[in-house]
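*Asks:* Build me a model:
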Amino acid sequence: MSIIFKEDGHTAADAQEPGPSSDGCKSSRSSCELGAEDVDIARSAGVVGFATLFSRILGALRDIFIASFLGAGLVSDAFIAAFRVPDFLRRMFGEGSLSIAFVPAYTDCLMRHGRPQADQMANSAIRLLALVLLLITLAGMAAAPWLVHAVAPGFAKTADKFLLTIALTRTMLPYVFFIGLVALSMGILNVLGHFAAPALSPVLLNVAMIGALVIGAGFAGSEATLAMWLAVGVVFGGALQMGLQIPFLVKKGVYFWQRARLWHPALHRVLWQMGPVMFGAAVFQINTLAITFLASFLPQGSVSYLYYADRLIQFPLGIFGIAMATAVLPAFARQSIAGQQDAMRETFSHAIKLVLFITLPATAGLIVLREPIVSLLFQRGAFDQQSMRLTAGALLYYGMGLWAFSTVRIVLNVFYALADTRTPVRMAAISIAVNLLLGAALMGPMAHQGLALAVSIASALNLCLLVVALRKRLGALGGRDIGLSVSKSAICAALMGICIWVAAPWLLPAAAATGSALLPGLAACVGLGIVIYALSARFMDMAELRTVLQIARGRIQKQ
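*Replies:* Numbering: from 1, shown residues only. Below is the predicted model:
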């Protein structure tokens with residue numbers, strides 16, 4: 001039995017279980033075409049993925065501007081450390097805890113009590129969250145010196161760097177107010193079947209930051225002043241992101257200006273889960289913040305190298321991992337409420353296989369082509385060849401954990417749909433402790449590269465612990481089917497990586513080439529990799545290839 005949300009928020013149930021098809025296919029997802037629920041998830045993931053792709057391209061352009069204007073030194077370290085605070089909260093709220101905690105509760109209210117009560121809950125949540133976020137923003141601005149001490153204590157050794165970081169932190173903290181409301185809007189719209197506007201909203205942040213840099217460059221007399229212009233652009237971008245959600249909320253019938261009480265009984269579940277969800281879902285973000293803390297004790301520029309490498313990892317992570325996790329959460333919530341554990345296992349298997357099918361070749365490509373990629377995007381202006389090599393080193397070790405970064409959110413969403421917040425918290429605590437211990441141990445012999453490796457190892461450990469716990473909770477997860485698919489994907493990705501490694505010296509220009517001179521050769525390498533991977537997957541008759549092609553063509557149809 002499958003439950004599908006319609007645009008008006010009501011549900012339709014299909015009581016017929018999938019039976020054998022004319023070709024003898026059973027209901028197993030390993031041998032059949034996608035079911036109706038998986039079609040909806042794949043379509044939604046495609047919408048989020050393509051919107052995120054556009055956003056990430058602009059994000060890469062934004063980082064190119066930042067690297068070119070600020071380089072990798074005192075001012076860039078100060079801006080990046082200051083940006084870590086609101087960006088950490090953005091990732092935690094916008095891509096994590098708020099949506100994860102809100103979506104199951106909102107879905108439950110919608111299915112059990114109908115649209116009017118769900119609208120009351122949404123309006124109350126908007127009012128309550130706005131008040132809480134305002135208080136958090138004001139408190140954070142007052143506590144900015146202590147926040148900087150917590151995020152980058154090593155900066156205290158350089159007075160100018162420390163004071164600039166405090167000023168930038170205070171300037172950017174109002175962004176938290178806007179992005180928190182964007183995250184809540186995302187949860188509401190996703191449950192009601194709309195994914196595009198929330199996924200596109202980061203585009204406006206990137207446009208605002210690029211605009212601030214370009215305009216500020218004409219007025220700022222120093223790099224520090226230009227960094228302040230960029231900080232103002234962050235806040236303006238947050239306001240634009242929230243403004244984008246409003247017409248779509250109204251179109252879906254969420255009239256948030258209507259009178260509503262500050263507290264709705266259904267919010268009790270959200271607040272009860274918020275703390276554990278925040279901790280469990282934000283492991284990667286917490287680990288990233290922890291390595292910023294450790295990197296502040298390393299030579300100048302280390303924070304920047306890790307930041308730029310992290311930005312490159314966020315490109316495939318956002319397009320594939322976060323997109324699928326965002327699309328699959330409402331489905332998990334519906335299946336959990338309806339008691340459809342078999343459907344949850346099938347949806348989980350489908351999502352994991354599809355994400356790893358795309359993530360593994362992205363990992364191989366990033367690792368093999370890390371230096372020309374970093375050089376193409378960042379090596380200009382104040383960002384020199386030494387900065388490129390050190391950033392590429394961090395990217396190598398971050399890339400080793402991309403498969404874990406991409407899949408852990410899917411596993412987490414199953415636990416949260418089942419209202420189990422304790423298990424992710426326990427596993428998160430272990431992961432964070434391991435990250436800190438490994439980071440402290442590796443930063444001596446490997447400098448900032450050891451910190452990137454520590455994050456990858458800790459994330460892989462977190463994923464493995466969660467999968468073991470989920471299997472105890474749900475039973476068999478289709479491990480054999482998943483393992484077969486992932487093995488095929490890994491073989492295809494390895495073959496692709498080897499071919500690119502062999503071809504790169506012939507396709508790329510001389511080592512001294514930088515910037516746009518690398519673009520044709522890199523494009524050729526990427527194109528060659530896509531062709532080899534697709535042909536290999538076709539030779540192995542992988543269903544995931546057909547799904548990806550259908551998403552790309554926009555022609556997914558119910559079978």
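*Asks:* What residue, apart from its backbone neighbours, is nearest A503 spatially?
*Replies:* In space, and not counting its chain neighbours, A503 is closest to L528: 5.9 Å by Cβ to Cβ, 6 or more residues apart in numbering. All C-beta spots, glycine's among them, are computed from the backbone N, C-alpha and C.
*Asks:* and the helix or strand hosting that neighbour, what other elements does it pack with?
*Replies:* Using DSSP states H and E, L528 falls within helix 519-539. Helix 519-539 makes packing contacts with helix 341-368, helix 370-378, helix 479-507, helix 543-553 when contacts are defined by 3 or more Cβ pairs under 8 Å, 6 or more residues apart in numbering; DSSP states H and E.
*Asks:* Quick one: closest of those to S124.
*Replies:* helix 341-368 (29.1 Å; Cβ to Cβ).
*Asks:* chain center to that closest one, what's the gap?
*Replies:* Centroid separation for helix 341-368 versus its chain: 14 Å, with Cα atoms, centre = their mean, to the nearest Å.
*Asks:* Can you name the residues in contact with the helix holding L528?
*Replies:* The set of residues external to helix 519-539 that reach it, using Cβ atoms under 8 Å, 6 or more residues apart in numbering, is 357, 361, 364-365, 369, 372-373, 376, 488-489, 491-493, 495-497, 499-500, 503-504, 507-509, 544-545.
*Asks:* And the buried ones among the residues you listed, selectable in PyMOL?
*Replies:* Burial among the contacts of helix 519-539 is assessed by 16 or more other Cβ atoms under 10 Å; the matching PyMOL selection reads:
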select buried, resi 357+361+364+365+369+372+373+376+488+489+492+493+495+496+497+499+500+503+504+507+508+544+545
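*Asks:* Just the local confidence number for T363, please.
*Replies:* Looking at T363, its pLDDT is 93.
*Asks:* Okay, it and M496: tell me how far apart.
*Replies:* Distance, T363 to M496, using Cβ to Cβ, to the nearest Å: 10 Å.
*Asks:* sorry, back to before: export the helices and strands packed on helix 519-539 to CSV and tack on distance to A156?
*Replies:* Shown next, in CSV, are the helices and strands packed on helix 519-539 (distance: least, Cβ to Cβ, whole Å):
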stretch, distance to A156
helix 341-368, 35
helix 370-378, 28
helix 479-507, 43
helix 543-553, 49
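*Asks:* tell me, which of the ones you listed is the model least confident about?
*Replies:* Ranked by mean pLDDT, the helices and strands packed on helix 519-539 bottom out at helix 543-553, with a mean of 78.
*Asks:* on that earlier part again, now do the helix holding L528, average pLDDT.
*Replies:* The model assigns helix 519-539 a mean pLDDT of 94.
*Asks:* now swap in stretch 397-410 and tell me
*Replies:* 92.
*Asks:* ok, back up a step: so what's the residue count around the residue nearest to A503?
*Replies:* For L528, the neighbour count with other Cβ atoms under 10 Å is 16.
*Asks:* Is it correct that T359 is in contact with A323?
*Replies:* No - using Cβ atoms under 8 Å, T359 is not in contact with A323; the gap is 11.3 Å.
*Asks:* any low-confidence regions in the chain?
*Replies:* 1-43, 45-46, 90-97, 281-282, 510-515, 551-559 (pLDDT under 70).
*Asks:* In it, mark out all the strands, start to finish.
*Replies:* In order along the chain, the chain carries the following strands (DSSP state E): 2-5, 11-14.
*Asks:* List the residues that contact Q120.
*Replies:* Contact analysis of Q120 by Cβ under 8 Å, 6+ apart lists A260, R261, H264.
*Asks:* I'd like the distance between it and L390.
*Replies:* Taking Cβ to Cβ as the measure, Q120 and L390 are separated by 53 Å.
*Asks:* got it, and L131?
*Replies:* According to Cβ to Cβ, L131 and L390 sit 44 Å apart.
*Asks:* Those two - which one has more neighbours?
*Replies:* Between L131 and L390, L390 has the larger neighbour count (other Cβ under 10 Å), namely 23 against 11.
*Asks:* contacting residues for that one?
*Replies:* Neighbours of L390 in contact, by Cβ under 8 Å, 6+ apart: A72, G301, Y305, H448.
*Asks:* go on, L508?
*Replies:* Taking Cβ under 8 Å, 6+ apart, we find L508 in contact with P372, L518, G521, L522, C525.
*Asks:* And for the closest residue in space to L181 that isn't next to it in sequence, the neighbour number?
*Replies:* Leaving aside its sequence neighbours, L181 sits nearest to M242 (Cβ to Cβ, 6+ apart; 5.3 Å). By other Cβ under 10 Å, the residues close to M242 number 17.
*Asks:* so G497 touches L366, yeah?
*Replies:* No - using Cβ under 8 Å, G497 is not in contact with L366; the gap is 9.9 Å.
*Asks:* can you count the residues close to the residue nearest to G59 when sequence neighbours are not counted?
*Replies:* Excluding the flanking residues, the one nearest G59 by Cβ to Cβ, 6+ apart is N206, at 5.1 Å. Neighbour count of N206, defined by other Cβ under 10 Å: 22.
*Asks:* measure N206 to R311 for me?
*Replies:* From N206 to R311 the distance is 11 Å (Cβ to Cβ).
*Asks:* So for the two, which residues contact both of them?
*Replies:* By Cβ under 8 Å, 6+ apart, the residues touching both N206 and R311 are G59.
*Asks:* show me the contacts for L58.
*Replies:* L58 is in contact with V203, N206, V207, I210, counting by Cβ under 8 Å, 6+ apart.
*Asks:* wait, isn't the second one in contact with D63?
*Replies:* No - using Cβ under 8 Å, N206 is not in contact with D63, being 9.2 Å away.
*Asks:* Tell me how many other residues surround the closest residue to L98 other than its chain neighbours.
*Replies:* Of all residues not flanking L98 in the chain, A183 sits nearest, at 4.4 Å (Cβ to Cβ, 6+ apart). Counted by other Cβ under 10 Å, the residues lying close to A183 total 26.
*Asks:* And A183, how far from S201?
*Replies:* As judged by Cβ to Cβ, A183 and S201 stand 10 Å apart.
*Asks:* got it, and M496?
*Replies:* Distance, M496 to S201, by Cβ to Cβ: 33 Å.
*Asks:* Narrow the contacts of Q120 to just the buried residues.
*Replies:* By 16+ other Cβ under 10 Å, the contacts of Q120 give A260, H264 as buried.
*Asks:* If we go by neighbour counts, what in stretch 331-342 is buried?
*Replies:* Neighbour counts over stretch 331-342 (16+ other Cβ under 10 Å) mark A331, F332, A333, R334, Q335, S336, I337, A338, Q340 as buried.
*Asks:* wait, stretch 60-77
*Replies:* By 16+ other Cβ under 10 Å, the buried positions in stretch 60-77 come out as 60, 62-77.
*Asks:* One more: stretch 342-357?
*Replies:* For stretch 342-357, burial by neighbour count (16+ other Cβ under 10 Å) applies to 343-357.
*Asks:* Specify which member of the residues you listed is nearest to I457.
*Replies:* L356 (18.4 Å).
*Asks:* can you pull the contacts of that closest one?
*Replies:* Contacts for L356 were tallied using Cβ under 8 Å, 6+ apart; they are W403, S406, T407, S485, V486, S489.
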